[in-house]
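[1] with the sequence up front, the predicted model follows.
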Amino acid sequence: MLKVEHLSLQLPYYANWWRRCWAEVLRDVSLEIHPGEVHAVVGASGAGKSLLAHALLGLLPAPCRQTGRLHFQGQPLTAARQRQLRGRDLALIPQSLNALDPLVRNQRQVSWAAQRAGHTPASARDTATQALDHYQLNAGAQQAFPHQLSGGMARRVLTAMAHVSRAQLIIADEPSVGLDPQQRDRVLNALAALARGEGKAVLLITHDLRHALPIAQRVTIMRQGRCVETAPAAAFQGEGSGLNTDYAQALWQALPDNQFGNPLTSTDEQAQNVA
Ligand SMILES: Nc1ncnc2c1ncn2[C@@H]1O[C@H](COP(=O)(O)OP(=O)(O)OP(=O)(O)O)[C@@H](O)[C@H]1O
């Protein structure tokens, strides 16, 4: 569905106040995402994950220098096509909660996202209510303004907006940050269900491999603007001998609750094991 080939990106900075220089923040990034798949992009803070997401959606800060090729559903993903598809076939769950309009009630924001995806105003309202119910936001939270919600609740509103968008590709940038373990699993499992049940492609961006492995089919590890390795999620087991790079192996082996050989389970499964 989405093919990224040799994507490189440079952003400007100023040396000695006036001399403009260019910092290479993405370097030769290539990956593919298929329908029905959750593809996780995992890396430390500053690895370039959000910039990759913004490049796919045409949301990069200007000026910037971008090279490489993007294809979506077999066609080149040009700037004009990105504008046309954003919020429709391409949806973003942004990392920043500032993406919510502070002056618009939460339910209405989700309803607008549904209308942009082609719902009539009446069906958009119903769809928005169902989606917000699904993410356990009650009527009070639905009618509140964004500043009246906790960070985790606001993040669930953003997830509901992507949920109703009918997008073929959902890019989720740290969708579980600030959520308690149950809510985190709920959001991640909902993303997995969109891929599995509805054939959508999900690009899950996270700094925590533990959040990616229970739902992802493939994992790309990023470091300092580069793709270090793309591996099937099944390669993250045992001592990580199925992984090709030392960095990916080290990342896997460094997980605090890595039992080397026990596949990581979701919090729900862990809770059931305890019960
Ligand atoms: N607008 C910008 N101008 C200049 N440099 C930027 C800009 N946005 C990001 N960067 C730099 O690009 C690099 C990658 O940033 P990015 O936000 O993609 O990281 P990330 O992997 O998403 O990190 P995090 O997990 O903390 O969100 C960082 O070094 C950052 O300082």
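    That came through fine. Numbers count the residues shown, from 1 in each chain.
[2] could you pull out the strands for the stretch 151-275 of the chain?
    169-173, 201-206, 218-223, 226-232 (DSSP state E, counting those that start in this stretch).
[3] chain center to the longest helix anywhere in the chain: distance?
    For the chain, the longest helix by residue count, based on DSSP state H, is helix 181-198. Centre-to-centre, helix 181-198 and its host chain are 12 Å apart (C-alpha atoms, centre = their mean, to the nearest Å).
[4] tell me the contacts of the residue of the stretch 101-250 of the chain at minimum distance from the ligand?
    Distance from the ligand to each residue of the stretch 101-250 of the chain (C-beta to the nearest ligand atom) is smallest for residue 207, at 4.8 Å. To be clear about C-beta, it is placed using only N, CA and C from the backbone, and glycine gets the same treatment. Each residue near residue 207 by C-beta atoms under 8 Å, 6 or more residues apart in numbering is listed here: 42-45, 47, 49, 174.
[5] just those: which are in helices?
    residue 49.
[6] now, of the contacts of residue 207, which are buried?
    Burial by neighbour count, 16 or more other C-beta atoms under 10 Å: within the contacts of residue 207 this picks out 42-43, 47, 49, 174.
[7] so which residues on the stretch 101-250 of the chain come close to the ligand?
    residue 207 (C-beta under 6 Å from any ligand atom).
[8] low-confidence ranges in the stretch 101-250 of the chain?
    The model of the stretch 101-250 of the chain has no residue with pLDDT under 70.
[9] can I get the longest helix of the chain in CSV, CA atoms only?
    As requested, the backbone C-alpha atoms of helix 181-198 are provided in CSV (Å, rounded to 0.1, in the frame of the first residue of the first chain):
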residue,chain,number,x,y,z
PRO,A,181,-1.8,-0.1,30.8
GLN,A,182,-5.5,-1.0,30.3
GLN,A,183,-6.2,2.0,28.1
ARG,A,184,-2.9,1.5,26.3
ASP,A,185,-3.9,-2.1,25.4
ARG,A,186,-7.3,-0.9,24.3
VAL,A,187,-5.9,1.7,21.9
LEU,A,188,-3.3,-0.7,20.5
ASN,A,189,-5.7,-3.6,20.2
ALA,A,190,-8.2,-1.2,18.4
LEU,A,191,-5.4,-0.3,15.9
ALA,A,192,-4.6,-4.0,15.4
ALA,A,193,-8.3,-4.7,14.8
LEU,A,194,-8.4,-2.0,12.1
ALA,A,195,-5.6,-3.7,10.3
ARG,A,196,-6.8,-7.3,10.9
GLY,A,197,-10.5,-6.8,10.5
GLU,A,198,-10.8,-4.0,8.0
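[10] name the residues that touch that helix?
    Residues contacting helix 181-198 (C-beta under 8 Å, 6+ apart): 36-38, 134-136, 152, 155-156, 159, 163, 170, 172, 175-176, 179, 200-202, 204, 211, 214-215, 266-268.
[11] any chance of the strands of the stretch 151-275 of the chain in a markdown table, plus distance to residue 114?
    As requested, the strands of the stretch 151-275 of the chain are exported to a markdown table (distance: least, C-beta to C-beta, whole Å):
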| stretch | distance to residue 114 |
| --- | --- |
| strand 169-173 | 15 |
| strand 201-206 | 19 |
| strand 218-223 | 30 |
| strand 226-232 | 34 |
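[12] between these, which one is closest to residue 127.
    Closest to residue 127 of the strands of the stretch 151-275 of the chain is strand 169-173 (C-beta to C-beta; 15.9 Å).
[13] and the closest one, which residues are buried?
    169-173.
[14] tell me what it is packed against?
    helix 49-57, strand 90-93, helix 151-163, helix 181-198, strand 201-206 (3 or more C-beta pairs under 8 Å, 6 or more residues apart in numbering; DSSP states H and E).
[15] now these as CSV including distance to residue 20?
    Shown next, in CSV, are these (distance: least, C-beta to C-beta, whole Å):
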stretch, distance to residue 20
helix 49-57, 19
strand 90-93, 29
helix 151-163, 34
helix 181-198, 39
strand 201-206, 29
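[16] to residue 106, which of the ones you listed lies closest?
    Of the helices and strands packed on strand 169-173, nearest to residue 106 by C-beta to C-beta is helix 151-163, at 4.9 Å.
[17] between that closest one and strand 169-173, how many degrees?
    Angle, helix 151-163 to strand 169-173, by axes from the mean of the first three to the mean of the last three C-alpha atoms, to 10 degrees: 170 degrees.
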